[in-house]
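>>> sequence? don't have it. structure:
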């Protein structure tokens, strides 16, 4: 009778499925209502759609006044995850079996053979880009609101260190509890550890359920995930609105609230396919291609544009205008990274992951060929605008083809800090038409180099 009831309600029976976790059954059958594959779209899962709508409503409400309102909200959403991680770490460290989990995380039980897999290195690189918002535009957009003399150099160092330490802290918090789960269930740590969505929504929640006062730890954990997700949405929308503000300052000043709401509404509609019964497959596909290869390509192209076309020496002089003159030895390491280490390392990871590419899968379901082709087309669609804009700028420039290319690879005559007090000797030749009142104005840019950091102050 129990088996008949389970089949009739689209559920599974643990007696028939061996060691399948209850959290996995809940995640697949209740939360996602996951279909058999991408070919079976199914219906919109309405509780997921309503959660998606709520997330975008919160985002729109937090950003209607721009950086002034979002900056206050981020104090809560950015600090809260650290509090939760520390609480979970303290709780996890006191549990029996925590040491086994730590040993698997960073110790003798770690599987270092995975370092020979190009996909692992690609995932690691894109994770760093994602958590730091590098190559996404978020860092440039948000840092453009700093004062001109702000020491962005130390900011970047501090943020990078804190980001890596946060990942290490999260690892200790997670694997200490997973070690206890392995002990309780009588398994090896490797058998209870999952990756990606499986770790966040299956393995870790199941481990928390085995702790005393489990609802408390589960509430804290999922509130932390909510705060992290909202932070990511804040950065995404702030990047888009800052770009619009730089291009159309007068429009954004009058229409910030409706434009912000319209952007959030549009992104909500674009996210609806991801909350259908096949939505998890789409999320995984987009993450694998657009959040992986597209991001690596964009990072390499940014380095080429900024360091090799705009010029590394110009970048150094621009930075020294803000943080003061530095000796040549100060820049030796950064020159090596900008010109050689970073582009070569990213290119190697990119090529390596392409050579070792395997058809993606989720939950044991291998993606069909048409979805893989679609994934590569999404990458092309994300990147094709770079050569298109470059071609348009070359066509619009005066002179023959070589003069046009040369002109587009040099800063324009009015390039530089917007305010006269910040130009110094280097940019004193700037045209007076860019030195207007202390309001945001458009600074044309044909080099492709993001000038938002020079526009706010």
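All right, it came through fine. Just so it is clear, the structure is predicted and the values come from calculations on it, not from any experiment.
>>> what is the neighbour count of residue 34?
As a burial measure, residue 34 scores 21 neighbours (other C-beta atoms under 10 Å). Bear in mind the C-beta positions are built from the backbone N, C-alpha and C, glycine included.
>>> burial check on the closest residue in space to residue 181 that isn't next to it in sequence, number of neighbours?
Beyond its immediate neighbours in the sequence, the residue positioned closest to residue 181 (C-beta to C-beta, 6 or more residues apart in numbering) is residue 207, lying 3.7 Å away. Using other C-beta under 10 Å, residue 207 has 30 neighbouring residues.
>>> just residue 397 next, same as before
By the criterion of other C-beta under 10 Å, residue 397 has 16 neighbours.
>>> that older thread, the residue nearest to residue 181 touches residue 177, doesn't it?
Yes. In this structure, residue 207 sits in contact with residue 177. The criterion is C-beta atoms under 8 Å, and the distance is 4.8 Å.
>>> let's see the pLDDT reported for residue 69.
At residue 69 the predicted local confidence, pLDDT, stands at 69.
>>> so in the protein, where's the weakest helix or strand by average pLDDT?
Scoring the helices and strands of the chain by mean pLDDT, DSSP states H and E places helix 14-17 at the bottom, with a mean of 42.
>>> tell me which helix or strand comes right after it.
Per DSSP states H and E, helix 14-17 leads on to helix 22-25 as the next helix or strand towards the C-terminus.
>>> identify each buried residue in that next one, please.
Using 16 or more other C-beta atoms under 10 Å as the burial criterion, the residues of helix 22-25 that qualify are 23, 24, 25.
>>> helices or strands next to the strand or helix carrying residue 74 in the packing?
Assigned by DSSP H and E, residue 74 belongs to helix 67-93. Judged by 3 or more C-beta pairs under 8 Å, 6 or more residues apart in numbering; DSSP states H and E, the packing partners of helix 67-93 are helix 46-63, helix 152-185, helix 214-247.
>>> centre of the chain to the second one, how far?
Its chain's average C-alpha position is 17 Å from that of helix 152-185, according to C-alpha atoms, centre = their mean, to the nearest Å.
>>> centre of the chain versus the helix or strand where residue 377 lies, how much separation?
Assigned by DSSP H and E, residue 377 belongs to helix 369-383. On the basis of C-alpha atoms, centre = their mean, helix 369-383 sits 19 Å off its chain's mean C-alpha point.
>>> same check on stretch 113-127?
Using C-alpha atoms, centre = their mean, the mean C-alpha position of stretch 113-127 is found 16 Å from that of the whole chain.
>>> got it, and stretch 189-205?
Mean-position distance between stretch 189-205 and its chain equals 21 Å (C-alpha atoms, centre = their mean).
>>> that older thread, and the helix holding residue 377, what does it pack onto?
Using 3+ C-beta pairs under 8 Å, 6+ apart as the contact test, the elements touching helix 369-383 are helix 279-288, helix 294-303.
>>> can you list the neighbours in contact with the first one?
Residues from elsewhere that reach helix 279-288, judged by C-beta atoms under 8 Å, 6 or more residues apart in numbering: 32, 34, 37-38, 45, 48, 196-197, 273-274, 276, 360, 362-363, 365, 367, 371, 374-375, 378.
>>> also the last one?
Residues from elsewhere that reach helix 294-303 (C-beta under 8 Å, 6+ apart): 122, 125-126, 129-130, 134-136, 338, 342-343, 346-347, 349-350, 353, 378-379, 382-383, 386.
>>> which ones among these map onto strands?
When the contacts of helix 294-303 are checked against strands (DSSP state E), there are no matches.
>>> what subset of those residues is buried?
Using 16+ other C-beta under 10 Å as the threshold, 122, 125-126, 129-130, 134-136, 338, 342-343, 346, 349-350, 353, 378-379, 382-383 are the buried ones among those.
>>> okay, and which of the residues you listed map to helices?
Under the assignment DSSP state H, the buried ones among the contacts of helix 294-303 contribute 122, 125-126, 129-130, 342-343, 346, 349-350, 353, 378-379, 382-383 to helices.
>>> which of the residues you listed sit farthest apart?
Between any two of these, the greatest separation by C-beta to C-beta is 25.1 Å, found for 342 and 378.
>>> any idea how this protein splits into domains?
Residue ranges for the domains of the chain, per automatic domain parsing: 2-31, 46-383, 391-454.
>>> please enumerate residues in contact with the helix holding residue 377?
Around helix 369-383, the neighbours that count as contacts under C-beta under 8 Å, 6+ apart are 38, 281, 285-286, 288-290, 293-294, 297-298, 301, 359-360.
>>> can you give me the angle that helix makes with helix 279-288?
Interaxial angle of helix 369-383 relative to helix 279-288 (axes from the mean of the first three to the mean of the last three C-alpha atoms, to 10 degrees): 50 degrees.
>>> only the buried residues of helix 369-383, if you could.
The neighbour-count check on helix 369-383 (16+ other C-beta under 10 Å) flags 371, 372, 374, 375, 378, 379, 382, 383 as buried.
>>> tabulate these in TSV, adding columns for distance to residue 95 and pLDDT.
Formatted as TSV, these follow (distance: C-beta to C-beta, whole Å; pLDDT from 0 to 100):
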residue	distance to residue 95	pLDDT
371	41	91
372	42	91
374	44	92
375	40	90
378	42	91
379	43	90
382	43	88
383	46	89
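>>> if anything else comes up later, I'll come back, but that's it for now.
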